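Novice: Provided below are the primary sequence and the corresponding predicted coordinates.
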Amino acid sequence: MESPQFTNDLINESSPYLLQHAHNPVDWRAWNKTALQEAKQSNKLLIISVGYSACHWCHVMEHESFEDGEVADIMNAHYVSIKVDREERPDIDQVYMQAVQIMTGSGGWPMNIVALPDGRPVWGGTYFRKEQWISALRQIRQIYEKEPAQLTNYAEKLEKGLHQLNTLEIGKNDVEFSQDNLKIFLEIWKPYLDTKLGGSKNAPKFMMPTNLDFLLRYSYQFQDTQLNDYVLHTLNKISFGGTFDHVGGGFSRYAVDARWHVPHFEKMLYDNAQLLSVYSKAYKLTQNPWFREIVEKTALFIENELTDSSGAFYSALDADSENESGKQEEGAYYTWKKEELQKLLTSDYNLFASYFNINEKGYWENGNYILYKTEDDKSFAKKHQISLEKLQNKKEKWTGILSEVRKKRKRPGLDDKTLTSWNAMTITGFLDAYAATGITRFLEIASKNANFIFEKQCSSDFRLYHSYKNGKSKINGYLEDYAFTIEAFVKLYEVTFDEKWIDLAKKMLQYSIKNFHNAENGLFNFTSLEDDPLISTPVEFTDNVIPASNSVMANNLFKLSKLLRNMEYQDIAVKMLKVISEKIESYPMGYSNWLQLYMNMSNPYYEVAILGNKAMEYKTEIQKNYNPNLILSGSKVESDLPLLANRFINGKTQIFLCEEGKCQLPDQNLTSVLNNIQLV
């Protein structure tokens, strides 16, 4: 009997990750109704394999298993196999990642699930070697044929566990948001901080920009000098290490070691967007030229490597690229041989080698070095008896030489899809960079991308699409798309005083409340009412390497309640924070963006309204400084916005400092207004 012919459907997809698997002998399907219906009709188990294009171990498992004929025969004969790009379908990723975490206690990518024909998971994990994968698939198939009830019973228990994870109760009405509680949260958190090497006391080390953003703010408002030193030290360690690309700019996703030396070389848009914001805020606070250098290099990396002509931002660069032998190797594009550096840098080599530790500290493996700073420029220049200016000139010369050499190497793979949520994060990053440095190009980049989202990813009823590629918008937007876009548009209003953006933010918020808000628990579902249901309804509330869409939305509600004088928005935000408050008490480091809102509720928070000819000038002056507990509104002419209405006087520029809707008498002196802003 001839074996049936199979067709890999992924060739019809646009996702770079799915296309990477389009020529596997596995009969892959994309996640769609046809594939799911096929599993039910054939009564076959589902394989749901989730990853993303820049994922190193996804590539390894593909090569070992999914390109292998023996593996493909088993999958094709007995399973319906579905490939999922976790970045295109974060809803599917969330649901099945929760299942894997329940089953195994941990998670990661690639993520591989076996599920009943109706989608309920029965087995799963992350990376599997070929032998493990074959063995598991054979055993599960035998159980399904001989004792199907065993799998069905397990699926029912797991389904209940998933439901419990996504069930949250309305918070108690007597919850008090106090400064004393904030201090308790920080005492719980501080023992986990690595004050010597920066970041948290573990390896691998993720940058966790949301955590650093909150800790910077807390240390500033409460004048906690030790915590402030920790945050600034961490920012130095991250940017000194191999996690930052000293030649081309931009950050890798994480460090595999405790000292930030060896990165996992993939570069993600969302990391660089958030770190652009954090380093901009740190520069505002310290005026440290190194932080400004990091901001400018990171912005340039995004502009040069991850931006297309429409102003849209791409998603990622791969960790792997071809080495000199033509084989895919992690970090091949970024690492250097000692002999190569000596030849390129000639008489400057010794100074370069000292600066970037081309020694046992900077050595990685296989004769490769990763550029790795261990001291600040001022100390280095003093030790080597050269001026800071001369050192800066040499650094620019060195990185220029290495950049030209890298252009001749095989570039890492580019994930050229555009995700609305990540693009919106990047708008915010460029706006923070503009406010900190005054570089107008950053504002232009942010504005161009905001117009891209409005024109290409937003429909006439203010519904957003999640993904864009090859001129096509697709996939109904998730809560993260609305949350980060609203945040970006509010920030763009603050920076430009263009009321178009506050109006769009308001309309998108109203759409979100209508289509995502869950009246039962007070939070927002991750998926819209318009989406097809999954085996559970995901609710994203824990802040991680990216802040939770619910925490971002709660902060949006708070800010728009201030700008628009809408108490209904503030009431929703308060209820959301109450729902989460008990979870913060047990694990504050997992709720750092919620703690931003907690700070707003427990410490003074101001609305600053500026009206008159000098409105933009005053706005720029305020935004140069680190003022985390205020929001700006302004106009050079009459305005109907609630904070500005009936306050314009021709020929005068007046500043109103308001708190809880009550405003002090107008002032024309910016310094005296800023002096009245209290931190605690």
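Specialist: Received it, and whenever you're ready, just let me know what you need. Numbers count the residues shown, from 1 in each chain.
Novice: Where does pLDDT dip in the stretch 151-300 of the chain?
Specialist: Within the stretch 151-300 of the chain, the segments meeting pLDDT under 70 span 171-173.
Novice: how does this structure divide into domains?
Specialist: As given by automatic domain parsing, the domain ranges for the chain are 9-165, 179-200+279-313+417-599, 334-406, 606-675.
Novice: Remind me what the helix or strand containing Gln98 packs against, helices and strands.
Specialist: Taking DSSP states H and E as the definition, Gln98 sits inside helix 90-104. The contact analysis (3 or more Cβ pairs under 8 Å, 6 or more residues apart in numbering; DSSP states H and E) places helix 90-104 against strand 45-51, strand 111-115, strand 121-125, helix 148-165. The way it works is simple: take the backbone N, C-alpha and C, and place the C-beta from them, glycine included.
Novice: surely Thr426 meets Gln274?
Specialist: No - using Cβ atoms under 8 Å, Thr426 is not in contact with Gln274, being 9.0 Å away.
Novice: Quick check: buried residues in stretch 285-296?
Specialist: For stretch 285-296, the buried set under the neighbour-count rule, 16 or more other Cβ atoms under 10 Å, comprises Leu285, Asn288, Trp290, Phe291, Arg292, Glu293, Ile294, Val295, Glu296.
Novice: And stretch 64-83, by the same measure?
Specialist: Buried-residue list, stretch 64-83, by 16+ other Cβ under 10 Å: 64-66, 68, 71-72, 74-76, 78-83.
Novice: what's the farthest-apart pair in those residues?
Specialist: Glu64 and Val80 (21.7 Å; Cβ to Cβ).
Novice: burial of Val231, as a residue count?
Specialist: 26 (other Cβ atoms under 10 Å).
Novice: and the gap between it and Leu285?
Specialist: According to Cβ to Cβ, to the nearest Å, Val231 and Leu285 sit 9 Å apart.
Novice: who touches both of these two?
Specialist: Shared contacts of Val231 and Leu285 (Cβ atoms under 8 Å, 6 or more residues apart in numbering): Leu216.
Novice: Ends of stretch 363-376, what's the gap?
Specialist: Separation of the first and last residues of stretch 363-376 by Cα to Cα, to the nearest Å is 20 Å.
Novice: Tell me, how many residues neighbour Tyr569?
Specialist: 23.
Novice: can you state the direction angle for the helix holding Gln98 and strand 111-115?
Specialist: If you take axes from the mean of the first three to the mean of the last three Cα atoms, to 10 degrees, helix 90-104 sits at 80 degrees to strand 111-115.
Novice: Now do the helix or strand hosting Ile184: which elements does it pack against?
Specialist: Using DSSP H and E, Ile184 falls within helix 179-189. Applying 3+ Cβ pairs under 8 Å, 6+ apart, one finds that helix 179-189 contacts helix 567-586, helix 592-602.
Novice: swap the cut-off to 7 Å and go again
Specialist: helix 592-602 (3 or more Cβ pairs under 7 Å, 6 or more residues apart in numbering; DSSP states H and E).
Novice: Name the residues that touch the helix it packs on?
Specialist: 177-179, 182, 185, 210-211, 214, 217-218, 221, 543, 547-548, 551-552, 554-555, 558, 573, 577, 580, 584, 588 (Cβ atoms under 7 Å, 6 or more residues apart in numbering).
Novice: Just list the residues touching Ala433, thanks.
Specialist: For Ala433, the contact set (Cβ under 7 Å, 6+ apart) comprises Leu276, Ser280, Val295, Ala299, Phe442.
Novice: burial count for the second one?
Specialist: Translated: Ser280. 27.
Novice: and it, that one's in a helix?
Specialist: Yes - the assignment for Ser280 (DSSP: H, G, I helix; E, B strand; the rest coil) places it in a helix.
Novice: hang on, it packs against Thr298?
Specialist: No - the pair formed by Ser280 and Thr298 falls short of the contact definition of Cβ atoms under 7 Å, at 9.5 Å.
Novice: Helices of the stretch 251-400 of the chain, start to end?
Specialist: 269-286, 289-305, 338-345, 349-356, 377-383, 388-406 (DSSP state H, counting those that start in this stretch).
Novice: out of those helices, nearest to Lys514?
Specialist: Of the helices of the stretch 251-400 of the chain, nearest to Lys514 by Cβ to Cβ is helix 269-286, at 27.0 Å.
Novice: Tell me where the stretch 551-680 of the chain has helices.
Specialist: Under DSSP H, counting those that start in this stretch, the stretch 551-680 of the chain gives helices at 567-586, 592-602, 615-624, 670-675.
Novice: okay, those helices, which one's buried deepest?
Specialist: helix 592-602 (a mean of 23; mean count of other Cβ atoms under 10 Å).
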